[in-house]
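In: sequence below, structure please.
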Amino acid sequence: MMKSTIFLIIAFSCLAAIGQINLEKTYDEGMVNRVDLEFSGEKYYLLDQSTNQVKLYNADHTAWKTIPLPTLAGPLDVTISHLSENKINADNNIEIAYSYYTEDGEIVFNSRIVSEEGTVLLNVSDASSIEVSEIPGLPVKIIALIDDENSSTKVFSVPDFTLENTYSSENIIYDGYITRVNLENSGEKYYQLDELNNQVKLYNVNHTTWKTIDLFPMEGTIYLKIDHVSENIINADAKIEVAYTYYDESFYIEGKISNEDGTVLFTLPNAYLIEVDKISGLSNKLIVVFYDLTYLFSSKVYTLPSLAVEGAYGDGEVVRVKLENAGEKYYIGDVLTNQAKLYNADHTLWKTINLPVTSGASLVGITHLSEAVINIDSPVEIAYVTSDNEARIIDDTGSSLLIVENALGIYTSQMAGLPNKLIVTMDGFPETSKVYGLPTTTLGLQKENPVEAAFTIYPNPTNHILTIESKNTTLKNFMITSVLGKIVKEVKQTSQSLTIDVSDLNPGTYFMKGQTMNGVIFNYKIIIY
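Out: Next up is the predicted model:
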């Protein structure tokens, strides 16, 4: 009876909290990032530039760990590009990828990957950036951009950090960075732009040359960039299609889509950006942003594979979304009228929402639009920033949900099975952050769970014994955390079957995170009543 009473109190408290945006924490030492670590769960981290330390915090914002970053003498700037527990290697220690530079007469770059114990796992001299490349279905790779004459690229395997290949910067004018893709038919490939010869060079997974594709920019082009490479996203054949944009000395901009046979499928005058927009459950669309010499942006949406114009937007850069209740929509932030203009899937006008700003200020941009991410209700919620450094959230009824002064940016953090959060970047030196709690949880984002079918967990919900039975693999360790990330149960043993007494836990929602002997991470939501 006591447990049932407590559960009702908790449920009532949750209902009472709907609609509230509450400030949870102000981080004064730097810009904070939120992560859902593979084993330890929800955490926050920031870089303390004054000490070159990474400071990690629990879901309730209490201090968790402090990790020094080894650097050369006199670093001027440090940038963290990745933090995880076992994406880089199989242990549960935190690994951090970061880059920094020093200046002693000349700027010298360096990039490293270190463990929380201070071990330098990889040191790449002269690397101005380092990326952990994660593509579903493919092994993780490390890609480092080298600060040589035109920027070459090194690719490393993990967990052994073997150098697989160095891509030369020969024939590169501006940027020789390698892009890794998983093509629809041909699988893992790498591609690089050869600017001197107006070509895209594609390489196999073993880094041998696969194909060279000619591009056709206009004569006198001084800058060329690749926007998209695929096999059958733009049209149904198996030929490689490349979308690219370029400009000349007069800053005339143009774009093209051509295939590996040299056929130009589409020429797009004034095209600034060519994007294939992919949203789960919806058909792919081509969105092109135009920018002309009158300094105005416009957009067009094209049907694939016909490349027929569906909709044209003359007043800004259009964004496509899938709203939780209303479905497929398009929106534009009109900086001239300080309005959000929303359109239906057929591009007819749906709603026009005034975005309040202080006198003399104007809209800079919309950073988030949804129906049920910020509040559990049906009105559209819009987060945006203004020219006088204010971050605001309003809904389409005109209600103001949040105003934060001296803010540079505002965005929502949505992670599967975790409460949604709002993170605001504050102006200053260093830039700092505020984290706000929201009365919603993202359940729609489903994590890949490759061992879900291999386990049976029962009963769930439960108020006494929880049993985990394995069909074909072995558990190494696991833990149960509260929705705030606090560890309430932790078991470290090797077994194919476990029983856990949870009768001492208060009613509510918990998350069980575990790991198998081969390093696969799994997550389950459990209910205690």
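In: how is the nearest residue in space to residue 121 that is not next to it in sequence assigned, secondary-structure-wise?
Out: Leaving out its chain neighbours, the residue that sits closest to residue 121 by CB to CB, 6 or more residues apart in numbering is residue 113, at 4.6 Å. Every C-beta, even on glycine, is put in place using the N, C-alpha and C of the backbone. Following DSSP: H, G, I helix; E, B strand; the rest coil, we place residue 113 in the strand state.
In: start the count at 52 instead of 1 going forward.
Out: Right, with 52 as the first residue, what we last looked at is residue 164.
In: do I have it right that residue 427 meets residue 489?
Out: No: the criterion here is CB atoms under 8 Å, and residue 427 misses it with residue 489 at 9.4 Å.
In: and those two? Which one has more around it.
Out: residue 489 (25 against 16; other CB atoms under 10 Å).
In: from what I can see the more buried one touches residue 424, true?
Out: Yes: using CB under 8 Å, residue 489 is in contact with residue 424, at 7.5 Å.
In: between the two, which contacts overlap?
Out: Shared contacts of residue 489 and residue 424, defined by CB atoms under 8 Å, 6 or more residues apart in numbering, comprise 463, 471.
In: strands of the stretch 352-501 of the chain, start to end?
Out: 360-364, 370-374, 378-385, 390-394, 400-405, 414-421, 432-437, 441-446, 451-456, 458-464, 470-477, 483-492 (DSSP state E, counting those that start in this stretch).
In: from what I see, residue 417 and residue 384 are in contact.
Out: Yes: Residue 417 is within contact range of residue 384, at 4.1 Å (criterion: CB under 8 Å).
In: all helices of the stretch 252-401 of the chain, in order?
Out: With DSSP state H, counting those that start in this stretch, there are no helices along the stretch 252-401 of the chain.
In: where does pLDDT dip in it?
Out: The stretch 252-401 of the chain contains residues with pLDDT under 70 at 346.
In: make it 90
Out: 270-276, 286-289, 298-303, 323, 331, 342-348, 365-367, 375 (pLDDT under 90).
In: please list all residues in contact with residue 453.
Out: Listed by CB under 8 Å, 6+ apart, the contact set of residue 453 reads 72, 442, 443, 444, 473, 487.
In: and for stretch 462-473, what's in contact with it?
Out: Contacts of stretch 462-473 (CB under 8 Å, 6+ apart): 72, 75, 85, 87, 93, 418-419, 421, 424-425, 434, 444, 453, 461, 474, 486-489, 491-494, 496-498, 534, 562, 574, 576.
In: list the buried ones in that stretch?
Out: Buried residues in stretch 462-473, counted by 16 or more other CB atoms under 10 Å: 463, 464, 465, 466, 467, 468, 469, 470, 471, 472, 473.
In: now swap in stretch 190-200 and tell me
Out: In stretch 190-200, counting by 16+ other CB under 10 Å, buried: 191, 192, 193, 194, 195, 196, 197, 198.
In: check stretch 182-190 too.
Out: 182, 183, 184.
In: contact partners for the last one?
Out: For residue 184, the contact set (CB under 8 Å, 6+ apart) comprises 191, 192, 193, 194, 231.
In: could you dump the residues you listed to a markdown table with secondary structure and pLDDT?
Out: Formatted as a markdown table, those follow (DSSP: H, G, I helix; E, B strand; the rest coil; pLDDT from 0 to 100):
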| residue | secondary structure | pLDDT |
| --- | --- | --- |
| 191 | coil | 94 |
| 192 | strand | 96 |
| 193 | strand | 96 |
| 194 | strand | 95 |
| 231 | strand | 95 |
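In: before we move on, back to that, okay, the buried residues of stretch 190-200 in JSON lines with distance to residue 107 next?
Out: JSON lines is the format used below for those (distance: CB to CB, whole Å):
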{"residue": "191", "distance to residue 107": "21"}
{"residue": "192", "distance to residue 107": "25"}
{"residue": "193", "distance to residue 107": "22"}
{"residue": "194", "distance to residue 107": "25"}
{"residue": "195", "distance to residue 107": "24"}
{"residue": "196", "distance to residue 107": "27"}
{"residue": "197", "distance to residue 107": "30"}
{"residue": "198", "distance to residue 107": "29"}
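In: could you identify the most distant pair in these?
Out: Farthest pair in those (CB to CB) is 191 and 198. Separation: 23.6 Å.
In: what touches both of residue 417 and residue 384?
Out: 391, 406, 435.
In: for the second one, grab the count of nearby residues.
Out: I take that to be residue 406. Applying other CB under 10 Å, I find that residue 406 has 19 neighbouring residues.
In: got a list of what the nearest residue to it once chain neighbours are set aside touches?
Out: The shortest distance from residue 406 to any non-neighbouring residue, by CB to CB, 6+ apart, is to residue 389 (5.0 Å). Residue 389 sits next to 405, 406, 407, 408, 413, 414 when contact means CB under 8 Å, 6+ apart.
In: cutoff 7 Å now
Out: 405, 406, 408, 413, 414 (CB atoms under 7 Å, 6 or more residues apart in numbering).
In: also residue 174?
Out: residue 163.
In: just the CA atoms of the helix or strand it falls within, as CSV, please.
Out: Following DSSP states H and E, one finds residue 174 within strand 171-176. Provided in CSV are the C-alpha atoms of strand 171-176 (Å, rounded to 0.1, in the frame of the first residue of the first chain):
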residue,chain,number,x,y,z
VAL,A,171,48.0,9.1,-25.0
LEU,A,172,46.5,6.5,-27.3
LEU,A,173,47.2,8.5,-30.5
ASN,A,174,49.3,11.5,-31.3
VAL,A,175,49.0,13.1,-34.8
SER,A,176,51.6,15.8,-35.3
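In: since that was my last question, I'll sign off now.
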